[in-house]
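1. Need coordinates for the following:
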Amino acid sequence: MKNLFAILLTIMICLSLCIPTYAAGHVSEAELQNTDNSISIRAEQTRLYYREYKGIKQKRLWSITYGYWKTDWINC
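-> All right, here's what the predicted structure looks like:
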C-alpha cells in the first residue's frame, strides 16, 4: 500500500512539472531596431547654489529633476 501511494505521488509530481511552454512569436529586425518605444535611463540633474551668510560662503544642492533640496547649507 505504501509503495502504491509513493508511486502515485511520484507520477503526480512528474506530471505537474511537465507544463507545456510556448515561445514568443517571430520578431522582425525592424522591430528590434525601433528605439521609439524603448526605455532610456537618465541621470538626475542637480545644481549647486551659493550664498554668503554672515560673512561665510555656503553651498546647497538642488535637484532639478525632482524639485527639492538634497542637502542643507554647507560651509565652503
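2. average pLDDT for the helix or strand that Phe5 is a member of?
-> Assigned by DSSP states H and E, Phe5 belongs to helix 2-17. Averaging pLDDT along helix 2-17 yields 78.
3. quick one: low-confidence ranges for this protein?
-> The chain contains residues with pLDDT under 70 at 15, 18-38.
4. Could you pull out the helices in it for me?
-> 2-17, 29-33 (DSSP state H).
5. Please tell me I have it right and Thr65 contacts Arg47.
-> No: if you go by C-beta atoms under 8 Å, Thr65 and Arg47 don't touch, sitting 10.3 Å apart. Placement of C-beta: from N, CA and C, glycine included.
6. show me the contacts for Trp73.
-> Shown in contact with Trp73 (C-beta atoms under 8 Å, 6 or more residues apart in numbering): Arg51, Tyr53, Gln58, Lys59, Arg60.
7. got the residues you listed as JSON lines, with neighbour count and distance to Thr71 columns?
-> Shown next, in JSON lines, are these (neighbours: other C-beta atoms under 10 Å; distance: C-beta to C-beta, whole Å):
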{"residue": "Arg51", "neighbour count": "11", "distance to Thr71": "13"}
{"residue": "Tyr53", "neighbour count": "9", "distance to Thr71": "15"}
{"residue": "Gln58", "neighbour count": "15", "distance to Thr71": "10"}
{"residue": "Lys59", "neighbour count": "13", "distance to Thr71": "8"}
{"residue": "Arg60", "neighbour count": "15", "distance to Thr71": "6"}
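8. Please consider this matter closed, and thank you.
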